[in-house]
Each structure stands twice: as C-alpha cells, then as structure tokens.
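S.K.: give me a 3D structure for the following:
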Amino acid sequence: MSVAPVLARLDQDIDAALARLFDLLRIPSISTDPAYKADCDRAADWLVADLASMGFDASKRPTPGHPMVVAHYDAPGPHVLFYGHYDVQPVDPLELWDRDPFDPQIQDTPKGQVIRGRGTSDDKGQLMTFVEACRAWIAETGSLPCKVTIFLEGEEESGSPSLVPYMKENAEELTADVALICDTTLFADTVPAITTQLRGLLGEEITVTGPSKDLHSGMFGGVAMNPARVLAKIIAALHDGTGRVTVPGFYDGVPELSPELKAQWDGLGFDADRFLGDVGLSIPAGEAGRSPLEMIWSQPTCEVNGIWGGYTGEGFKTVLPSKAHAKISFRLVGSQDPHKLRESFRDYVTAMVPADCQISFKGHGNSPASVMETSHPVFEKSRQALTEEWGVEAAFIGSGGSIPIAGYFKTYLGMDSALIGFGREDDALHSPNEKYDLECFQKGTRSWARILGEMGS
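M.R.: Next up is the predicted model:
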C-alpha cells in the first residue's frame with residue numbers, strides 16, 4: 001500500500017499526537033532518584049495502556065529496578081525491534097528553567113516552534129515519533145506493514161543496571177531481524193542520518209605513590225621523587241609528536257575508512273572551524289593527516305579526563321605530594337579489544353614508574369565499538385525513506401560517543417542496529433530548558449512511517 005494516506009493521517013492527527021506526548025511528558029519519571037520510583041511505574045503503565053489501545057500485546061515487566069515495557073504486533077514481513085527509554089534526567093538546577101520542567105509547552109523561538117520540557121528530546125519525544133507512526137499505519141490500513149516489537153526501558157539515564165540481565169533472560173522473545181534505536185540526532189539541522197559506527201569506551205584511573213606522606217619541598221625538593229612529576233611524564237608519553245597514541249598494540253583492529261564512506265563524509269560539508277570555534281578553539285589537535293570527522297567518528301582516542309595531587313586549594317602550599325592521580329579514557333573503534341588494551345596500557349605505564357614509586361590502577365568500565373553491517377536491507381531502505389521525507393540525501397555517519405545498547409543488541413541478541421533519531425545539537429539534553437523542535441517531532445513521525453512502509457515492501 002502507498003504510504004501517502006498514512007502520512008496524511010499523521011498530519012491530520014498532529015494535535016492529538018502532541019496531546020498524548022504532553023501526557024507522557026508530565027510524568028516525572030526520573031530514574032536515578034528513588035523518590036520518583038512510583039512515577040517511573042506510572043510512565044510504564046501509561047505506555048502499556050497506549051500501546052495496548054492500538055492493538056499491541058503490551059505488558060509491564062518487573063526488574064530489580066524500574067520496569068521494562070515490551071509490546072508485540074504480529075504482521076507479515078520482517079521483524080524489527082524498536083528500542084527507546086521512558087526515564088529522564090533530574091532537572092537540577094531548577095532555578096535555571098524558564099518554566100516547570102514537567103509542564104510541557106510549545107514555544108516560539110527565532111528558529112521556529114519547539115516543545116519545551118524535560119524528556120522532550122531525550123527520549124520521550126523521540127520514542128513517541130515511532131509510536132505515532134505505528135498508530136497511523138494501524139488506523140489507516142488495519143495493520144502494520146511488518147512485525148514489530150517495542151522494547152522500552154526505565155533506567156537508561158541511571159546506567160541501565162537491569163538491562164543486560166533482562167536481555168539475557170528474554171533473548172528469544174526480543175531477538176528480531178534488526179533493531180531500530182531512536183536516541184540520536186540529525187547530522188545537521190536539515191540533514192537526516194543513520195548512525196552506523198559507535199565508538200567503544202575504556203576508562204582507567206591511575207595513582208602514583210612515592211613518599212609515605214606529603215613532604216616539605218624545601219627540605220626534600222630535588223632529592224625525593226615527586227609522584228606528580230612521574231605522572232606528568234607518563235601522560236606526556238601517551239602520544240607522539242604526530243598525535244598518535246603510543247600504547248603498544250593500540251591500533252590493532254583499527255580499520256581504514258573505505259573510500260566510499262570517506263567520500264560521503266567529505267561531502268557532508270562539516271565545518272570544522274565553526275565546530276571548534278564554538279568552544280573557543282581553532283586548531284584540530286588530533287592525529288596528523290586525518291580529517292576532523294575521521295578523528296571524531298572512525299579513529300580511536302586517548303584522553304586525560306582529570307589530574308590531581310598535592311595541594312589544590314586557595315593560596316599556596318609548598319609540598320611534594322605523596323600521591324598523584326589521573327583519569328584516562330580511550331574511545332575505541334573497529335575491533336579494538338578493550339580487555340587487551342587495558343592490559344597493554346597498564347604494562348606500558350608500569351614500565352615508566354621509577355623504582356622508588358608504585359602505581360595502582362582502577363578500571364572504570366569497558367565496552368567495544370559497534371560497527372553495523374550496512375548491507376542489511378534496513379539500512380538502505382531507511383536511507384531512502386529519510387531522503388524522501390527530508391528532501392536531502394540522508395547519510396551514513398559515525399558517532400564520537402558510545403551508545404551501549406547497540407553493542408548489547410549485537411552481543412546478546414546477534415542483531416545489528418539502525419540508529420535513527422531526529423534531535424538537534426541545541427536540544428539541551430540533560431540540561432535546563434530541554435526542547436524538541438516541533439518540526440523534528442512531525443517529520444520524525446513521517447520518517448518512521450516511511451521506514452515502516454519500506455520494511456513491509
């Protein structure tokens with residue numbers, strides 16, 4: 001069937017769709033704060049009732065934390081699993097909000113109308129674009145064009161402690177041909193995108209210990225080894241003069257970008273000067289010979305996230321610190337193995353510590369990169385659908401950040417994920433005055449309707 005009547009229904013029903021979204025946004029489902037446990041339950045119940053009203057077999061599933069929402073709609077064709085989350089970030093500092101975070105409203109701005117409130121973009125507004133697309137298909141045709149499972153969690157903003165155990169226990173029920181994830185953004189304000197590469201993450205905290213206590217720098221300076229000096233030497237040695245990371249074996253599993261994908265990325269017209277200029281910088285500092293998008297999306301990194309030791313308060317205190325500390329993170333790509341990298345990093349750093357000092361390590365999690373198999377039909381079909389809706393060629397892009405759920409789907413359910421979202425860079429995720437552009441909500445629903453239609457074809 002043609003998608004045109006479904007798109008027309010979405011346009012006609014926009015006021016009702018916004019009313020439903022506002023009802024969900026009014027529920028303060030802050031997952032990280034136990035005081036809002038009942039509200040998280042209420043949000044799950046709201047979604048179950050809404051999905052059931054459309055014909056989904058929907059239920060709330062208990063976990064040790066906040067419940068999952070799982071809903072199935074049986075139809076001919078391929079089976080897709082859609083993932084989103086109904087929990088939201090805390091609203092602090094409340095005084096920086098222009099209005100009640102849980103009293104959503106459409107506001108006029110110089111760039112157009114926006115939906116203002118906590119969860120509008122992350123992730124209630126995004127997940128409801130898919131739900132509304134399903135509603136329009138069912139209302140207009142009596143069915144969905146393919147088999148759909150909807151999987152919504154309530155702990156994404158608090159580390160998803162229940163997610164992996166639940167997925168393992170319910171793998172057979174949740175496994176589909178491909179997963180769809182909505183928790184991402186457009187490439188630019190009017191350029192739709194499908195994220196196909198996500199960097200992994202490895203975190204390490206190191207502590208260098210020298211003397212048994214802080215020492216007077218006048219009495220011991222020059223003769224006693226200073227842990228801060230040792231730490232500075234270690235950090236300085238992690239990169240060579242061209243910006244390459246020096247940890248042995250670091251680039252094992254790092255693929256070169258294909259000429260086709262490199263050409264597509266180069267054609268996006270990414271403005272590196274503006275990107276850096278917005279944060280008061282002007283010169284790319286990564287590996288020599290790489291474009292900015294390559295450095296953000298397809299190259300691994302080693303970055304220092306924090307350094308401390310000795311006296312750091314007001315004024316001055318002349319001490320040699322007993323200990324010096326640093327937090328160091330690695331963004332991973334391709335098939336880099338975080339476990340092998342952790343071992344190599346620790347061996348490399350330990351070898352730089354002088355005999356009079358000791359070093360200790362504390363791991364802060366690890367996850368491999370996710371690289372999607374874009375030969376799966378869902379990727380090209382989705383790209384065509386997005387191009388038709390937005391009138392601009394949709395791009396396959398990478399992400400500098402990490403979205404663990406995509407890796408979990410691959411590891412535990414054997415599924416690739418198409419990450420398709422309609423947020424914009426200025427949505428103020430996790431910040432006061434979060435918003436979701438009304439255009440993004442409307443075109444997001446239409447985009448998902450087109451994608452579902454392509455799946456059915």
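S.K.: if I look at the closest residue to residue 192 other than its chain neighbours, how far off is residue 147?
M.R.: Nearest non-adjacent residue to residue 192, counting by C-beta to C-beta, 6 or more residues apart in numbering: residue 386, 3.9 Å away. All C-beta atoms are positioned from the backbone trio N, CA, C, and that covers glycine. Note on residue 386: its distance to residue 147, by C-beta to C-beta, to the nearest Å, is 22 Å.
S.K.: domains in the protein, by residue range?
M.R.: Per the record, the chain has its domains at 4-198+369-456, 200-254+300-367, by automatic domain parsing.
S.K.: just these: most buried one?
M.R.: Among those, the stretch with the highest mean neighbour count (mean count of other C-beta atoms under 10 Å) is domain 4-198+369-456, at a mean of 20.
S.K.: got the end-to-end distance for it?
M.R.: 15 Å (C-alpha to C-alpha, to the nearest Å).
S.K.: just the mean pLDDT for the helix or strand hosting residue 108, thanks.
M.R.: Here residue 108, judged by DSSP states H and E, is contained in strand 105-109. Strand 105-109 shows a mean pLDDT of 97.
S.K.: what pairs with the helix or strand following that strand, parallel or antiparallel?
M.R.: Using DSSP H and E, the helix or strand that follows strand 105-109 in sequence is strand 112-116. Here strand 112-116 has these sheet partners by DSSP bridges: strand 105-109 (antiparallel), strand 435-437 (antiparallel).
S.K.: grab the nearest non-local neighbour of residue 324.
M.R.: Here the residue nearest residue 324, using C-beta to C-beta, 6+ apart, is residue 309, at 3.4 Å.
S.K.: could you pull up phi and psi at residue 236?
M.R.: Main-chain torsions, residue 236, degrees, to the nearest 10: phi -60, psi -30.
S.K.: find me the pLDDT at it, would you?
M.R.: Residue 236 carries a pLDDT value of 98.
S.K.: the one 4 residues further on now?
M.R.: Reading off the per-residue confidence, residue 240 sits at a pLDDT of 96.
S.K.: residue 189 too?
M.R.: With respect to pLDDT, residue 189 scores 88.
S.K.: need the contact list for it.
M.R.: residue 424 (C-beta atoms under 8 Å, 6 or more residues apart in numbering).
S.K.: picking that back up, so which of the domains of the chain gets nearest residue 265?
M.R.: When these are compared by C-beta to C-beta, domain 4-198+369-456 sits nearest residue 265, at 7.3 Å.
S.K.: can I get the strands paired with strand 112-116 in a markdown table with distance to residue 216?
M.R.: Below are the strands paired with strand 112-116 laid out as a markdown table (distance: least, C-beta to C-beta, whole Å):
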| stretch | distance to residue 216 |
| --- | --- |
| strand 105-109 | 58 |
| strand 435-437 | 55 |
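S.K.: nearest to residue 115, out of those?
M.R.: Closest approach to residue 115 among the strands paired with strand 112-116 (C-beta to C-beta): strand 435-437, 4.8 Å.
S.K.: next helix or strand past that closest one?
M.R.: Per DSSP H and E, the first helix or strand lying C-terminal to strand 435-437 is helix 438-456.
S.K.: would you mind confirming that residue 397 makes contact with residue 193?
M.R.: Yes - shown here, residue 397 and residue 193 form a contact pair, counting by C-beta atoms under 8 Å, at 4.6 Å.
S.K.: if we can go back for a sec, in CSV: the domains of the chain, plus distance to residue 264.
M.R.: Below are the domains of the chain laid out as CSV (distance: least, C-beta to C-beta, whole Å):
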stretch, distance to residue 264
domain 4-198+369-456, 6
domain 200-254+300-367, 17
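S.K.: nearest to residue 287, out of the ones you listed?
M.R.: Closest to residue 287 of those, according to C-beta to C-beta: domain 200-254+300-367, at 4.1 Å.
S.K.: on the three-state scheme, residue 194 is what?
M.R.: Classification of residue 194 by DSSP: H, G, I helix; E, B strand; the rest coil places it in strand.
S.K.: contacts only, for it.
M.R.: Residue 194 makes contacts with 379, 382, 383, 386, 394, 395, 396, 397, 418, 419, 420, as judged by C-beta under 8 Å, 6+ apart.
S.K.: let's see it at 10 Å
M.R.: Residue 194 is in contact with 184, 187, 372, 374, 378-380, 382-383, 386, 394-397, 417-421, 451, counting by C-beta atoms under 10 Å, 6 or more residues apart in numbering.
S.K.: distance check, it against residue 294.
M.R.: Using C-beta to C-beta, we find residue 194 at a distance of 18 Å from residue 294.
S.K.: repeat for residue 36
M.R.: Using C-beta to C-beta, residue 36 is found at 41 Å from residue 294.
S.K.: swap in residue 227?
M.R.: 36 Å.
S.K.: before we move on, what about residue 86?
M.R.: From residue 86 across to residue 294, the span is 35 Å (C-beta to C-beta).
S.K.: grab the nearest non-local neighbour of residue 410.
M.R.: Leaving aside its chain neighbours, residue 410 sits nearest to residue 370 (6.1 Å; criterion: C-beta to C-beta, 6+ apart).
S.K.: spit out the contact partners of the one you found.
M.R.: Residues near residue 370 by C-beta under 10 Å, 6+ apart: 195-200, 332-333, 399, 402-411, 416-417, 419.
S.K.: mind doing that once more with 8 Å?
M.R.: 197, 198, 200, 403, 406, 407, 410, 417.
S.K.: what pLDDT does the model give it?
M.R.: Residue 370 is assigned 89 on the pLDDT scale.
S.K.: likewise residue 285?
M.R.: Per-residue confidence (pLDDT) for residue 285: 89.
S.K.: skipping its backbone neighbours, what lies nearest it in space?
M.R.: Leaving out its chain neighbours, the residue that sits closest to residue 285 by C-beta to C-beta, 6+ apart is residue 243, at 7.0 Å.
S.K.: quick check on that neighbour: phi, psi?
M.R.: Dihedral angles (degrees, to the nearest 10) for residue 243: phi 90, psi 0.
S.K.: separation between residue 203 and residue 228?
M.R.: According to C-beta to C-beta, residue 203 and residue 228 sit 21 Å apart.
S.K.: before we move on, what about residue 305?
M.R.: Residue 305 is 17 Å from residue 228, where distance means C-beta to C-beta.
S.K.: residues in contact with the most centrally placed residue in the chain?
M.R.: For the chain, residue 403 is the residue whose C-alpha lies nearest the centre (C-alpha atoms, centre = their mean; 3.9 Å). Counting by C-beta under 8 Å, 6+ apart, residue 403 touches 181, 183, 184, 195, 198, 370, 419.
S.K.: any idea of the pLDDT on the last one?
M.R.: Reported pLDDT at residue 419 in the predicted model: 96.
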